[in-house]
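Student: Sequence first, predicted coordinates after that:
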Amino acid sequence: MEEKRPRWGGRTSNPAGAVSRSLVGSTPTLFRQPLAKTGRSIEADPMTADDHHDHGSELSPIAARVRALETILTEKGYVEPAVLDEIVESFESRIGPRYGARLVARAWTDPAFKKRLLDDATAAANSLGFDSPVGSDLIAVENSPQTHNMVVCTLCSCYPWEVLGLPPVWYKSAPYRSRAVIEPRAVLAEFGVALPPDTQIRVWDSTAETRFIVLPMRPAGTADWSEERLAELVTRDSMIGTGLPRTP
Ligand code: FE
């Protein structure tokens with residue numbers, strides 16, 4: 001039976017609905033299982049979710065592996081489930097994409113900071129004293145009327161956690177990872193982003209060492225806005241390049 005609701009998080013109301021459905025149809029089912037001990041839930045890696053055999057367990061192979069690893073590490077006293085919960089909670093709700101939004105809003109209001117961000121985003125981000133210092137090589141890529149930037153990890157799910165929080169499920173999905181590089185304009189259309197035909201789209205492939213954050217264009221009509229107010233316009237997707245900032 002055809003699944004009408006996009007499980008990858010793409011929009012339902014878009015002119016490219018047919019394409020969206022074919023993409024959804026090829027999205028492996030994501031398994032969510034609560035972890036008995038901690039009450040947290042984990043998601044199967046879409047890459048291995050299809051490799052689901054009936055071993056009498058409801059867990060997908062990757063979920064079973066994660067649970068086994070967590071159980072052993074907990075029993076040996078190497079990790080504390082409560083601390084793990086706190087870390088996940090922190091990335092899920094406290095950090096979220098707020099730090100990235102602060103970076104963008106600061107760059108919009110402070111030309112010197114913008115230059116530093118584009119020169120060395122790792123150093124620029126770490127100069128703001130966020131909870132988790134950026135450990136990887138963070139690169140900021142700037143959108144302009146001529147160029148729109150979009151970020152993917154074709155290999156797996158590399159993502160700048162320290163500034164954007166947890167990656168969305170669709171970012172890790174096989175369809176997004178492959179189609180973002182094959183037909184980025186069609187993917188953008190499914191996210192509701194229609195760019196002028198002469199705007200070039202550049203797709204950046206993340207790695208474990210190198211992560212990217214998009215510096216979107218500042219919305220018009222915000223000339224006298226404060227940095228805090230501007231940050232409210234910066235969405236997570238606008239920093240991945242699959243969205244645009246909110247408009248006032
Ligand atoms: Fe990756």
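Tutor: That came through, no problem.

Student: Show the subsequent helix or strand relative to the helix ranked longest in the chain.
Tutor: In the chain, taking DSSP state H as the definition, the longest helix is helix 61-75. Once the chain leaves helix 61-75, the next helix or strand it forms, by DSSP states H and E, is helix 81-89.

Student: And the contacts of whatever helix or strand comes next after that next one?
Tutor: Towards the C-terminus, the helix or strand next in line after helix 81-89, according to DSSP H and E, is helix 98-109. Counting by Cβ atoms under 8 Å, 6 or more residues apart in numbering, the neighbours of helix 98-109 from elsewhere in the structure are 113-114, 117-118, 121, 124-125, 128, 130-131, 140, 160, 162-165, 213, 215-216, 218, 222, 226-228, 230-236, 238-239, 245. All C-beta spots, glycine's among them, are computed from the backbone N, C-alpha and C.

Student: And for stretch 135-151?
Tutor: With Cβ under 8 Å, 6+ apart as the contact definition, stretch 135-151 has outside contacts at 103, 107, 117-118, 121-122, 124-125, 160, 162-163, 180, 184, 187-188, 195-196, 198-204, 206, 208-217, 240-242.

Student: Which of these fall within helices?
Tutor: Taking DSSP H, the ones among the contacts of stretch 135-151 that sit in helices are 103, 107, 117-118, 121-122, 124-125, 162-163, 180, 184, 187-188, 240.

Student: just the buried members of those?
Tutor: Burial of the ones in helices among the contacts of stretch 135-151 was assessed by neighbour count (16 or more other Cβ atoms under 10 Å); the buried members are 103, 107, 117, 121-122, 124-125, 162-163, 180, 184, 187-188, 240.
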